[in-house]
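In: This is a predicted model, with the sequence first.
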Amino acid sequence: MAEKTHKEIRGVRIQPDSTQVGQVAGAPIFFHGRVSEDCSDFWYIFRCMVPVFDGLLVADEFSGGLDESGNRVEQRPLLEARYGRHLAACDEQHQLMLLRGSGFMSWGRSRDFCQGAFLPVFDEAPSSDTLHQLFRGSDAEIRSGAWPDPMRALIHMWDDIYWEYYSREPSDIDRLLLAHQDDRNLKLHGVDIREDYPNPRDVELPAARLAPGAKVRGAPLYRTQRLELTDDFEDVSGWVGLCTGDIYRGEDPFGSYLAYWRPNLEEAAWLVVQVVDHRLEVAASIGVELAAGDELQVRLAEESELPWGADHFEEYVGPADVPASSTAAEAFALVEDIVKNDPALCKYLLDPAVCVQS
């Protein structure tokens, strides 16, 4: 089986600011909390990978159980009940499973980990022998970088202190950095799998940096910042001014956008994007509904459907008029790109708790 060497592997260590040091009987002890009260640190960190994991497979261990007579309980029905169609494979003998990355928005949000985590990510299903060797083999094999060919990345958590993500796809690391580079709740460090896995070294690590000219695969380059609501929208209770920035398709400037939305994962969310032309005039305003559920889906909306009513946005283009307007059609394609591929916006869409409420 072909293998990938460490020269092709990048890594980032992500340390949540959720660990406090206390004293018990005069000795220091770590207390492990959460960055967000609404989700695990695992989901807080890796939710921005939803578009990346689509089509991939994530491996994990599961625990077996015994009934009152001491007989082993079959785990597959329990796993199928928990993960449904997202369970791709289950090896009860070795207590290993493969989960479909297309369902990461569903099962990732519900997962939590204690003490440690080891989650290989695959482009395609590995053999059972390969999977068993990864979980039961030595750390030296992982550290050497000689990964089996279908293995794309590794998610690793050490002692509830930090998470690491190693990948042979540079855009994976850049996506995480773009999503979290301005997050004060997280510390980002560059790591070398040969030196820093599986245990930390007593050295100061360098800050994690984007690759030169880094761009997330399949996505335009967005430069974004979070905003609070302006006075014009203070009458819209609970709505969030999310981001604004420059938009590029490839190397060519497209304009800029301003997005407002109200997170509502139970029912739906709404998003309006204003596309501004090179004269800094609004070329089109597009409103979409973000459907609730496991998948990020967008639907063009009439201006009258928007919760804040009509006449708030210039040059609003409704669904029926989009096909006749190349600008509006391109604007809607832009909205789809932002929702599905922009790591920072994806991060906020998936967790309303991190947004600035009005």
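Out: Here it is on my side, so go on.

In: drop to CA atoms for contacts and neighbour counts, all remaining ones
Out: Noted.

In: Could I have the CA atoms of stretch 97-107 written out in CSV?
Out: Provided in CSV are the C-alpha atoms of stretch 97-107 (Å, rounded to 0.1, in the frame of the first residue of the first chain):
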residue,chain,number,x,y,z
MET,A,97,-16.3,2.4,13.4
LEU,A,98,-16.3,4.7,10.4
LEU,A,99,-18.6,7.7,10.3
ARG,A,100,-19.6,9.5,7.1
GLY,A,101,-18.3,13.0,7.0
SER,A,102,-21.4,14.1,5.1
GLY,A,103,-23.2,13.8,8.4
PHE,A,104,-20.6,15.7,10.5
MET,A,105,-23.0,18.6,11.1
SER,A,106,-25.3,16.1,12.8
TRP,A,107,-23.0,13.7,14.7
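
In: Which residue is the nearest non-sequential neighbour of residue 211?
Out: Leaving aside its chain neighbours, residue 211 sits nearest to residue 174 (7.0 Å; criterion: C-alpha to C-alpha, 6 or more residues apart in numbering).

In: isn't the one you found right up against residue 212?
Out: No - between residue 174 and residue 212 there is no contact under C-alpha atoms under 8 Å: 10.1 Å.

In: where does the stretch 101-250 of the chain dip in pLDDT?
Out: By pLDDT under 70, the low-scoring segments of the stretch 101-250 of the chain are 213-250.

In: any chance you could map the strands in it?
Out: Secondary structure of the stretch 101-250 of the chain (DSSP state E, counting those that start in this stretch): strands at 116-122, 147-148, 151-158, 162-167, 186-190, 221-226, 240-249.

In: coming back round to it: between residue 174 and residue 212, point out the one with more neighbours.
Out: Higher neighbour count among residue 174 and residue 212: residue 174, with 23 against 6, using other C-alpha atoms under 10 Å.

In: My read is that residue 32 contacts residue 19, right?
Out: Yes - contact status for residue 32 versus residue 19: in contact at 4.7 Å, counting by C-alpha under 8 Å.

In: what touches both of the two?
Out: residue 161 (C-alpha atoms under 8 Å, 6 or more residues apart in numbering).

In: show me where this protein has helices.
Out: Applying DSSP state H to the chain gives helices spanning 41-46, 50-53, 76-83, 104-110, 128-136, 139-143, 170-180, 193-196, 326-341, 343-349.

In: Output these in CSV; the columns should cover distance to residue 95.
Out: Formatted as CSV, these follow (distance: least, C-alpha to C-alpha, whole Å):
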stretch, distance to residue 95
helix 41-46, 21
helix 50-53, 22
helix 76-83, 10
helix 104-110, 18
helix 128-136, 9
helix 139-143, 19
helix 170-180, 28
helix 193-196, 26
helix 326-341, 33
helix 343-349, 31
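
In: Of all those, which one is nearest residue 14?
Out: helix 41-46 (7.9 Å; C-alpha to C-alpha).

In: Just the buried residues of stretch 48-64, please?
Out: 48-53, 56-61 (16 or more other C-alpha atoms under 10 Å).

In: Please report the separation between the first and final residues of it.
Out: 31 Å (C-alpha to C-alpha, to the nearest Å).

In: How about stretch 149-169?
Out: End-to-end distance (C-alpha to C-alpha), stretch 149-169: 13 Å.
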